[in-house]
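Participant: just to be clear, the model below is a prediction. Sequence and coordinates:
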Amino acid sequence: MSVRVRFAPSPTGPLHIGGVRTALYNYLLAKQQGGAFILRIEDTDQKRLVPGAEDYIKQSLEWLGLTPDEGPGYGGEHGPYRQSERKDLYAKYAEQMVADGNAYYAFDTPEELDKMRKDQEALGHHSAKYDARIRLQMRNSLTLDQEEADKLIAEGKGIIRLKMPADEDVSFVDLVREKVTFNTDQLDDKVILKADGMPTYHLANIVDDHLMEITHVIRGEEWLSSTAHHVLMYRFLGWEAPKFTHLPLILKPTGKGKLSKRDGAKFGFAVFPMEWYDKKEEVTYAGFKESGYDPKALLNFLVLLGWNPGNDEELMSIERMTELFSLDKIVKSGARFDVDKSKWFNQQYLMSTPDAHLLPPVKAIKPEGLVVEDAYLTKVIGLMKERVHHYGDFYTEGSYFFSAPTEYDDKQIKKRFKPEIVPHLEVIKAMVSTHSGDPSAMSTAVKGYLSDKELKMGVYLPLLRIMICGRLTGPDLFDIIVALGAEETSSRMVKASEYFNATLS
């Protein structure tokens, strides 16, 4: 059987960056093995659904280039791919397990469940699970007579719970953690079918994986402990289980604790692929797309959060990632989300991308009201791309390309400027006009003049840069002057001279 993997998010909110990594690993395995990457929307928890979340997930995957082979809106022979549209499929499998003695109906009210938990806590049982020790004290088809149980079932008051066998070791092979074993006495009787006929994750997950012929389940480590329940259900239904891989956590930048959306908001970086507005909280969460990341750079950064290619390579195309990817190189320990490293990856991609190819994404986030021709913006991109980390930096770090500075570095002005140097600055202004189209000739002329007059370049060149840019940092000064043109440069020098004189007066 060819490899078939699925990415199965719940549309209860935006797609977290940890989910993007899970999707990426599934995608890479599918493409490497010539298999299928499937998107399945797990929307059985109807109360927690968030309008727009499914579209957000699909748009995010497409922006990243992780387009599903099958899924809602993508076609495929194993649909429907939304679990809410598969509702009628699940009950028969739950009822089959009931008939075989591997599950049972439970009729406990919320109040009865709450009392059970409080009673157990009073007895010193801090983890009050509905399990083999408790089930015979509760209201279910194991404790009620058949007639009463049938009446409650007919009234639609029953849920179905998995009946965990007593004191049995359940083992499975995880491709990252090797052999994993859980004892059933430590596991609860999970709800697998709710009273409204909707399955819980546990039932829907294994039924859909079986019917969709999923060969590999690659998901977060938070599902590791539930896998024992899933393995048992595969056995109860007589199905072969897929191969399991549970991914390590993505940790906070400090390395302590799981990365959350709160961390991004608190420390000012994105944890979602695209911007998301939370209507309930009335908060907009930043996205990597809007923060100026190249999607290829983001994937390159993410692939190394929990996976090692086995060599020293860092910069990899999606094709190279696909070539090198293997599940046995996924690490067990959590991976720290290094914001600076993500910026470094993005910078490397910007530097290696042709200027013309950067024009569309840079132009797309042009500040409102700014009018700039494509040819000029492309020239700015070429001058700035080795000095920025994100698309937006072209406008913030290179603001002097689009408007004359309104502030100057007063400390540096006071350090270098004296009234007697004004005549020499006037000569330099004339040279700028003479060589306005040739940065090399302009540089030679200005530096030659300063040398001949035995004037300090460490005084005049920084002042010239401050006059034009307002700051000391940036690309080659004479490239900036040529890009701006003689007229704009001359205008800025006049304005700056007035400011310099006023600063000293």
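Facilitator: Great, that's in hand.

Participant: show me the strands in this protein, by range?
Facilitator: With DSSP state E as the definition, the chain shows strands at residue ranges 4-7, 36-39, 103-106, 159-162, 169-174, 178-183, 191-193, 216-220, 243-247, 250-251, 276-278, 283-285, 335-336.

Participant: which regions of the protein sit below the pLDDT cut-off?
Facilitator: Where the chain drops to pLDDT under 70, the residues are 1, 126-127, 505.

Participant: scan it for its longest helix.
Facilitator: For the chain, the helix that runs over the most residues, judged by DSSP state H, is helix 486-504.

Participant: what is that one packed up against?
Facilitator: The contact analysis (3 or more CB pairs under 8 Å, 6 or more residues apart in numbering; DSSP states H and E) places helix 486-504 against helix 410-416, helix 422-434, helix 457-469. For the C-beta atoms, the positions are set from N, CA and C on the backbone; glycine is no exception.

Participant: buried residues in it?
Facilitator: By neighbour count on 16 or more other CB atoms under 10 Å, the buried set for helix 486-504 is 486, 489-490, 492-493, 496-497, 499-500.

Participant: and the strands of the chain as a markdown table, adding mean neighbour count and distance to K366?
Facilitator: Formatted as a markdown table, the strands of the chain follow (neighbours: other CB atoms under 10 Å; distance: least, CB to CB, whole Å):
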| stretch | mean neighbour count | distance to K366 |
| --- | --- | --- |
| strand 4-7 | 26 | 34 |
| strand 36-39 | 24 | 33 |
| strand 103-106 | 23 | 59 |
| strand 159-162 | 25 | 55 |
| strand 169-174 | 15 | 48 |
| strand 178-183 | 13 | 52 |
| strand 191-193 | 23 | 52 |
| strand 216-220 | 22 | 38 |
| strand 243-247 | 21 | 38 |
| strand 250-251 | 22 | 32 |
| strand 276-278 | 15 | 22 |
| strand 283-285 | 14 | 20 |
| strand 335-336 | 18 | 34 |
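
Participant: please tabulate the ones you listed in CSV, including the columns distance to I134.
Facilitator: Converted to CSV, those look like this (distance: least, CB to CB, whole Å):
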stretch, distance to I134
strand 4-7, 34
strand 36-39, 38
strand 103-106, 11
strand 159-162, 11
strand 169-174, 19
strand 178-183, 16
strand 191-193, 14
strand 216-220, 29
strand 243-247, 28
strand 250-251, 35
strand 276-278, 38
strand 283-285, 40
strand 335-336, 38
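
Participant: what angle do helix 422-434 and the longest helix of the chain make with each other?
Facilitator: Angle, helix 486-504 to helix 422-434, by axes from the mean of the first three to the mean of the last three CA atoms, to 10 degrees: 160 degrees.

Participant: mind giving me the domain split of this structure?
Facilitator: The record's domain split for the chain, according to automatic domain parsing, is 86-204, 404-504.

Participant: go ahead and name everything in contact with the longest helix of the chain.
Facilitator: Contact with helix 486-504 is made by 404-405, 408, 410, 413-414, 417-419, 422, 425, 429, 432-433, 436, 463-464, 466-468, 481, 484, as judged by CB atoms under 8 Å, 6 or more residues apart in numbering.

Participant: pull the CA atoms of it into PDB?
Facilitator: Presented in PDB, the C-alpha positions along helix 486-504 are these (Å, rounded to 0.1, in the frame of the first residue of the first chain):
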ATOM      1  CA  ALA A 486      21.000  64.700  -7.800                       C
ATOM      2  CA  GLU A 487      18.000  67.000  -7.300                       C
ATOM      3  CA  GLU A 488      16.700  65.100  -4.300                       C
ATOM      4  CA  THR A 489      20.200  64.700  -2.800                       C
ATOM      5  CA  SER A 490      20.900  68.400  -3.200                       C
ATOM      6  CA  SER A 491      17.600  69.300  -1.600                       C
ATOM      7  CA  ARG A 492      18.300  67.100   1.400                       C
ATOM      8  CA  MET A 493      21.800  68.600   1.800                       C
ATOM      9  CA  VAL A 494      20.400  72.100   1.900                       C
ATOM     10  CA  LYS A 495      17.800  71.200   4.400                       C
ATOM     11  CA  ALA A 496      20.300  69.300   6.600                       C
ATOM     12  CA  SER A 497      22.800  72.200   6.500                       C
ATOM     13  CA  GLU A 498      20.200  74.500   7.900                       C
ATOM     14  CA  TYR A 499      19.500  72.000  10.700                       C
ATOM     15  CA  PHE A 500      23.200  71.400  11.400                       C
ATOM     16  CA  ASN A 501      23.800  75.200  11.800                       C
ATOM     17  CA  ALA A 502      20.700  75.500  14.000                       C
ATOM     18  CA  THR A 503      21.900  72.600  16.200                       C
ATOM     19  CA  LEU A 504      25.200  74.400  16.900                       C
END
